[in-house]
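[1] fold the stuff below for me.
(2 chains)
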Amino acid sequence: MPTRSSADLIVIGAGVVGAACAYYAARSGISVTVIDRGAVAGGTTGAGEGNLLVSDKEPGPELELALLSVRLWRELSDLLPPRIEYEAKGGLVVASDEASMAALRGFAARQERAGVKAEQATVDQLRDLEPHLAPDLAGGFHYPQDAQVQPALAAAHLLRAAGGQGSGGVRLRLGEEVIGVLTGANGEVRGVRTASGDVRAPYIVNAAGSWGGELARLAGVGLPVLPRRGFVLVTEPLPRVVRRKVYAADYVADVASGSAALQTSAVVEGTPSGPVLIGASRERVGFDRTLSVEALRRLAAQATRLFPVLAGVRAMRTYAGFRPYLPDHLPAIGPDPRVPGLLHACGHEGAGIGLAPATGLIVARVLSGGQLPLDIEPFRPHRFDAAG
Amino acid sequence: MPNSPSDEATDDRYSALYDLAVIGAGCAGLAGAVAASERGLSVALLDAAGQIGGQFYRHPAPPLGAVRPQALHHDWSLFAGLRRRLEASDIVHLAGHHVWTVVREGEGEWAVHAVTAADGTGERPARVRARTVLLATGAYERHLPFPGWTLPGVVAAGGAQAMLKSGLVLPGRRVVVAGSGPLLLAVAASLSAAGARVPAVVEASGYTGYARRPGVLAANPHKLMEAVIHATGLVRRGVRLRTRSAVTQVHGTDRVEAVTVSRIDRDWRPLPGTGRRIACDALAVGHGLVPQVELATSLGCATRRTEDGTYALALDALQETSVRGLWAAGETGGIGGADLARTEGELAGIAVAARTRGRPELARGGRVRELQRRRDGMRDFADAMAAVHAPGSGWVHWLDDATDVCRCEEVSAGAIREALADYGARDARTVKLLTRAGMGWCQGRMCGAAVACLAAGAGAESAPASPERRPLAVPVPLGVLGSLEPSEPTATPTGPSGQPDAAGPDEPGRPVDGRTRPSTAGPCKPAD
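    This is a model prediction of the structure:
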């Protein structure tokens, strides 16, 4: 089989996480080949809403990753073209009654100690922030750090910008599926095999998202990535009815009680192109795209509860995506000690768009020997092994 | 045929479990509904329109006072017969019901979800439960863009005919008919019979393709006759047929003033220097039809690629899809016309009766064999026709970069080419994600074929790998969606990946390990 090319690093997966890995690696002088069996943003990235959220995260390693990412996205928004639709629009979490407002207050206080900006909003202030909100809410918190990006365009432009000046260079190989990982005498990575040939590199990054478990298997290691389905509802184009990312806090009570596979908590938000996005449900059903009427019903009911004006607005389409999650709901980021040269950058569940830049930066720093921006111990890929 | 408005609470039209729900009251759906009903099945017949007939037997609403709607139709007597049988039956006709999805509700039961405003009290959800479903949702027109195609006065060929049939309105006084497919001759004949001048019918294919399949033609004398009748009628009215030609540009400022017709080669690439201007005030253009299969593909029904590059449902000898309990008839199984639709509809109706009555001998009778023989002959003819009129890959050369391909979102050919060349799009879906082409009102029904062709031309797969997914077959108001009856989500087994879902009971998206405290109230991960 012909050896077609070589690079310092092969990134497997052209979603937003793979794109960010390629971007930061190339920027630090590493030559990168990105391989995807489909197109850019063809998997979970293309099904995402583009939420860059700190508001939904409890203090802990994921919040640290999110806070770093929010800063990096702001930098990137100056470097990438405006077409990525970056908007520092802020999030608004609302409570329907005093009990859930009290819970939200406690949650926000702990977040603030971890570096999150959270501003309490009275009922009157809610109306100023979102004039179309239901009038009978108890209050809420405004999170100015929350932002939004159009995920597919963000991935595409990260990849384009990765090849710019001072870069180690980025090559894209789309429509090529990795069918094997090449290793040397000591089990170290030497490259990958695709149907059209071998690509050589001393390092590979598994950024295969929901399919990251399969890729890990090709490399001979276990990584229990599982898909968690979500539906997003998209409305007809509207003038700006919803200004921020708005969602309800009080659903916590609903879900704490049961173990039903389906959970919904609608985030309602407008987009620069006009449609309002309502997402997203969560259920574990494998890679099954069958429409769930109940998931759509709940999303619609929650969205119209928050914004009664939406009741007469039409949902134009809906789509399903598969969030890649690991059992402890933290991503796998960093080198895999079981296979020298193998790194992982997957399992971000529903936060992959938001967490992509920090993930990419970590991968680049690991490869270039630079200082890590935060402790990556909680994300170690082998933590699910008995000895891990 | 009970069809009276009644209040919802006592409306047993929605509480019954039917033997069969038929979606679409055109030729195929009508034939299927009456065939099943006459064999003792309880049948609900849902259709978006206010009256039966579908596209083919579209006719003016009674208030227009049309005296002879049949003047625009052949085979009107066949339709009248189906209508009589429907009226004599106890089929529940649910007019004005826009079906947005069909879902499985346990073993051997389906729920058809629709939006309706039929009782005049505003839009509300309607759910019909049935043991089996017959999908007879027909087709929509395929459009290929060209410079000027968005000017007022450019209408869809089938749309022009629909306007004539339902409202007796002409799109213009001097109408060029262009595109490809047998519909063009029918449209030209209808237009000129209604008083329009048709200076030319511009057909991109040659008709010589038919001559290569004499066997198929001989087996379908009715089709041949129809074509000849149309052709002679046109000749008498001075209509010129130009084959291997295409309208490559429309001229005009506020509306159509003229078109340029160019000769094209076998791949539909325009031959330089052959452009000729024809004055007209309207252009009716059509490039064949696309089966409307999204309800079925959302349920996982297998499809087959047709000779002209569309996707139709893959059906067995008795019209059942690959999903047990779901049948299909007419254009959903491949474009083939009204005769074929009626034949398949009846066949499906009998097959459903045989299954649900537990009388397999019904599906082996002489009538079934006769219907199957007729269907097979007409399917062969339809396939031959599709091959002759399949768009050549060179049509994309009609497009300059400034031409809008997606009209809803105003996405130009140039923007699509850029997404393919520079941003890593490889198919219609990723073009859509990167440009918004296909995200607007029509959900890609208008531009889907064109975008797929552009993507194929850029070196990716030679054709779309699968039909487009549209889980909502029609737009649904959020208020209607939100007011559905709550239900337990159907427990779906693990998906096709076979990945077991080993994790334990789900907390609201938060870790349930030692490091975080699930009990503390936080708004939780709401979304992505």
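[2] now do the SS call for residue A:210.
    helix (DSSP: H, G, I helix; E, B strand; the rest coil).
[3] ok, residue 40 - contacts?
    Since no chain was named, I'll use chain A. Applying C-beta atoms under 8 Å, 6 or more residues apart in numbering or on different chains to residue A:40 gives the contacts A:14, A:19, A:152, A:155-156, A:159, A:172, A:174, B:423-425, B:430, B:434. (Each C-beta comes from the backbone N, C-alpha and C, glycine too.)
[4] wrong chain, I was asking about chain B
    Contacts of residue B:40 (C-beta under 8 Å, 6+ apart): B:353, B:357.
[5] dihedrals phi and psi, it?
    Dihedral pair for residue B:40: phi 100, psi 10, per degrees, to the nearest 10.
[6] how close does it sit to residue B:33?
    13 Å (C-beta to C-beta, to the nearest Å).
[7] surely residue B:285 touches residue B:248?
    No: contact criterion C-beta atoms under 8 Å: residue B:285 and residue B:248 do not qualify, at 11.5 Å.
[8] these two: which has the busier surroundings?
    residue B:285 (28 against 23; other C-beta atoms under 10 Å in any protein chain shown).
[9] contacts for the helix or strand containing the more buried one next, please.
    Using DSSP states H and E, residue B:285 sits in strand B:282-286. Applying C-beta under 8 Å, 6+ apart, the external contacts of strand B:282-286 come out as B:141-143, B:149, B:153-160, B:171-181, B:183-184, B:187, B:191, B:247, B:250, B:256, B:259.
[10] domain map for chain B?
    B:12-140+B:290-386, B:152-287, B:400-473 (automatic domain parsing).
[11] okay, now the unreliable bits of chain B?
    Within chain B, the stretches with pLDDT under 70 are B:1-10, B:60-74, B:168, B:208-232, B:458-466, B:488-528.
[12] would you map the helices across it?
    Listed in chain order, the helices of chain B (DSSP state H) span B:27-37, B:76-88, B:157-167, B:183-193, B:208-211, B:214-218, B:221-236, B:294-298, B:338-356, B:366-389, B:413-422, B:428-435, B:448-457, B:478-482.
[13] put the alpha carbons of the third one into PDB.
    Same thing as helix B:157-167. These are the backbone C-alpha positions of helix B:157-167, laid out as PDB (Å, rounded to 0.1, in the frame of the first residue of the first chain):
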ATOM      1  CA  ALA B 157     -44.500  23.800 -15.300                       C
ATOM      2  CA  GLY B 158     -46.600  21.700 -13.000                       C
ATOM      3  CA  GLY B 159     -47.500  24.900 -11.000                       C
ATOM      4  CA  ALA B 160     -48.800  26.500 -14.200                       C
ATOM      5  CA  GLN B 161     -51.000  23.400 -14.800                       C
ATOM      6  CA  ALA B 162     -52.200  23.400 -11.200                       C
ATOM      7  CA  MET B 163     -53.200  27.100 -11.600                       C
ATOM      8  CA  LEU B 164     -55.100  26.200 -14.700                       C
ATOM      9  CA  LYS B 165     -56.800  23.200 -13.100                       C
ATOM     10  CA  SER B 166     -57.800  24.900  -9.800                       C
ATOM     11  CA  GLY B 167     -58.400  28.500 -10.800                       C
END
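[14] in it, which residues are buried?
    B:157-158, B:160-166 (16 or more other C-beta atoms under 10 Å in any protein chain shown).
[15] now the second one
    Neighbour-count burial for helix B:76-88, counted by 16+ other C-beta under 10 Å, picks out B:78-79, B:82-83, B:85-86.
[16] which non-adjacent residue is nearest residue B:363?
    Distances taken as C-beta to C-beta, 6 or more residues apart in numbering or on different chains put residue B:354 closest to residue B:363, at 3.9 Å, once the chain neighbours are dropped.
[17] quick check: angle from the strand holding residue B:285 to helix B:183-193?
    Here strand B:282-286 runs at an angle of 150 degrees relative to helix B:183-193 (axes from the mean of the first three to the mean of the last three C-alpha atoms, to 10 degrees).
[18] wouldn't residue B:351 be in contact with residue B:318 here?
    Yes: Residue B:351 lies in contact with residue B:318 (C-beta under 8 Å); the separation is 3.9 Å.
[19] how far away is residue B:143 from residue A:236?
    For residue B:143, the distance to residue A:236 equals 21 Å [C-beta to C-beta].
[20] out of those two, which sits in the busier spot?
    Set residue B:143 next to residue A:236 and count neighbours by other C-beta under 10 Å: residue B:143 wins out with 24 against 16.
[21] need the buried residues of helix B:157-167 in CSV with distance to chain A, can you?
    Shown next, in CSV, are the buried residues of helix B:157-167 (distance: C-beta to the nearest C-beta, whole Å):
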residue, distance to chain A
B:157, 26
B:158, 23
B:160, 27
B:161, 28
B:162, 23
B:163, 25
B:164, 30
B:165, 28
B:166, 24
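[22] ok, the residue nearest to residue A:341 when sequence neighbours are not counted - contacts?
    Excluding the flanking residues, the one nearest residue A:341 by C-beta to C-beta, 6+ apart is residue A:189, at 3.0 Å. Residues in contact with residue A:189 (C-beta under 8 Å, 6+ apart) are A:181-183, A:201-204, A:219, A:339-342.
[23] ok, which stretches of the stretch 151-300 of chain A are helices?
    For the stretch 151-300 of chain A, the helices defined by DSSP state H, counting those that start in this stretch cover A:151-162, A:212-218, A:251-257, A:293-306.
[24] can you say which of those helices is packed in most?
    Of all these, helix A:151-162 has the most neighbours on average by mean count of other C-beta atoms under 10 Å in any protein chain shown, namely a mean of 26.
[25] got the angle for that one vs helix B:428-435?
    Using the same axes, to 10 degrees: helix A:151-162 against helix B:428-435 is 80 degrees.
[26] residues touching the helix or strand harbouring residue A:33, excluding its own?
    Element membership of residue A:33 [criterion: DSSP H and E] is strand A:32-36. Strand A:32-36 is contacted from outside by A:5, A:7-15, A:18-19, A:21-22, A:25-26, A:42, A:159, A:162, A:168-176, A:178, A:192, A:194, A:199, A:201, using C-beta under 8 Å, 6+ apart.
[27] filter the residues you listed down to the buried ones.
    For the contacts of strand A:32-36, a burial check counting by 16+ other C-beta under 10 Å picks out A:5, A:7-15, A:18-19, A:21-22, A:25-26, A:42, A:159, A:162, A:168, A:170, A:172-176, A:178, A:192, A:194, A:199, A:201.
[28] so where's the stretch 151-300 of chain A shaky on pLDDT?
    Scanning the stretch 151-300 of chain A for pLDDT under 70 picks out A:250-264.
[29] find the closest residue to chain B in it.
    Across the stretch 151-300 of chain A, no residue is closer to chain B than residue A:286, which sits at 2.8 Å (C-beta to the nearest C-beta).
[30] got the domain boundaries for chain A?
    Domains of chain A are assigned by automatic domain parsing as A:3-48+A:151-224+A:328-379, A:91-144+A:226-325.
[31] quick one: closest of the ones you listed to residue B:47.
    Comparing the domains of chain A against residue B:47 with C-beta to C-beta, the closest turns out to be domain A:91-144+A:226-325 (20.0 Å).
[32] rewinding a little: partners of the strand holding residue B:285 in the sheet?
    Next to strand B:282-286 in the sheet, as set by DSSP bridges, lie strand B:154-156 (parallel), strand B:175-179 (parallel).
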